[in-house]
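> Following is a predicted model, sequence given first.
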Amino acid sequence: MSHNRGKIGVCLAMATALVSCGTPAENTREQGTRSTKAPDPAAAEQPASPPPTPPGALPRTGEVARIPKPADGLPPVISKIPTKRKVVFLTIDDGWEQDPHFVDFVRTERIPIAVFLTRDAAEARGALDPTVTGGSYIGAGKYPYFRKLRDAGATFENHTLTHPNMRLLGYEAQRREICGASAVIAKQIGVRPWLFRPPFGNLNTATRRAAKECGIDAVLLWTATVQREGKIAYQVPDKRLYPGDVILLHFRPNLAEDFRRLVRKIERRGFELGNLDAYLKAAGVRPRAR
């Protein structure tokens, strides 16, 4: 007992110099930032801690109808989500215009978006898309830019390597475009796509066969597109949004401001922004294990 009292006394006397009388490992855990271990350079490229819930409206029980599985066993082609709730889905294609203010808006407003990434656009290689001539941020951020979008809650899907018209390619060329893009996204973004969007919306049976071979579970098209200043170009005669609509944007100049206008316009019309992954899964389109 006297021996133990002596040890306690020594600890008290040294209290101003030491945090505790524990082991060095325990002291390091308690102090946290005192570790002198060099930071891992690769750690910065890992996904940030995910938010507690995914961004966007989530489906309610029984809200979403099932999307039928095609009889041929190939990925279904989907243009809208089967729901009567006033919810729409934002998707954005290619990757040419890398406006940092867009990332800030998506992060702070918790906007749900699905990015369909094209390798050549993300890397600013090959022939430039003529629709983005005059942009200020083309190729500025490369993949770190898109990793910031990932960390802001965006999901990443497949939009080919080089943005070709898939109908003009044979099966093997289509497979290289799709499988190659999925491999790049998995390596650079850290997630493997389970959705595919063909450039220009052009596809055939070979496209769906190649998509399945590359691990794609569904081909997603759209029901409306967004032009400059957030103007919506509808594909229906009455020029209005409908529940379940999939809206297509592109990484274009003035993206942040146009996107802000679009979001406010959608909200004024009484629509919510839905989480695409959650709704597709509720509709029975579930990604296979990666």
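That came through, no problem.
> any idea how far residue 199 lies from residue 283?
25 Å (Cβ to Cβ, to the nearest Å). Any C-beta I mention is one placed from the backbone N, CA and C, and that applies to glycine too.
> what about those two, which has more around it?
More neighbours surround residue 283 than the other of residue 199 and residue 283, with 22 against 18 (other Cβ atoms under 10 Å).
> Contacts only, for that one.
With contact set as Cβ atoms under 8 Å, 6 or more residues apart in numbering, residue 283 has these partners: 64, 65, 66, 67, 81, 82.
> and if you look at residue 80?
Residue 80 neighbours (Cβ under 8 Å, 6+ apart): 223, 242, 244, 245, 246.
> if you skip the residues just before and after it, what's nearest to it?
residue 244 (4.4 Å; Cβ to Cβ, 6 or more residues apart in numbering).
> counting contacts, what elements does the helix or strand hosting residue 273 pack onto?
Using DSSP states H and E, the element containing residue 273 is strand 272-273. Strand 272-273 sits against strand 87-94, with contacts defined as 3 or more Cβ pairs under 8 Å, 6 or more residues apart in numbering; DSSP states H and E.
> and the next element down the chain from the strand it packs on?
Next along the chain after strand 87-94, taking DSSP H and E as the criterion, comes helix 100-109.
> got the angle for that following helix vs strand 87-94?
Calculated by axes from the mean of the first three to the mean of the last three Cα atoms, to 10 degrees, helix 100-109 forms an angle of 150 degrees with strand 87-94.
> any residues touching helix 100-109, and which ones?
111, 113, 137, 141, 145, 148-149, 151-154, 255-257, 259-260, 263.
> still on that earlier bit, just after the strand holding residue 273, pick out the following helix or strand.
With DSSP H and E, the next secondary element past strand 272-273 is helix 276-282.
> which other helices and strands contact that next one?
With contacts taken as 3+ Cβ pairs under 8 Å, 6+ apart, helix 276-282 sits against strand 87-94.
> residue ranges of the helices in the protein, please?
Applying DSSP state H to the chain gives helices spanning 2-13, 24-31, 100-109, 119-122, 142-151, 171-189, 205-213, 255-268, 276-282.
> out of these, which comes closest to residue 71?
helix 205-213 (12.5 Å; Cβ to Cβ).
> Identify the neighbouring strands of the strand holding residue 273 in the sheet and state each direction.
Paired strands of strand 272-273, with direction, are strand 87-94 (parallel) (DSSP bridges).
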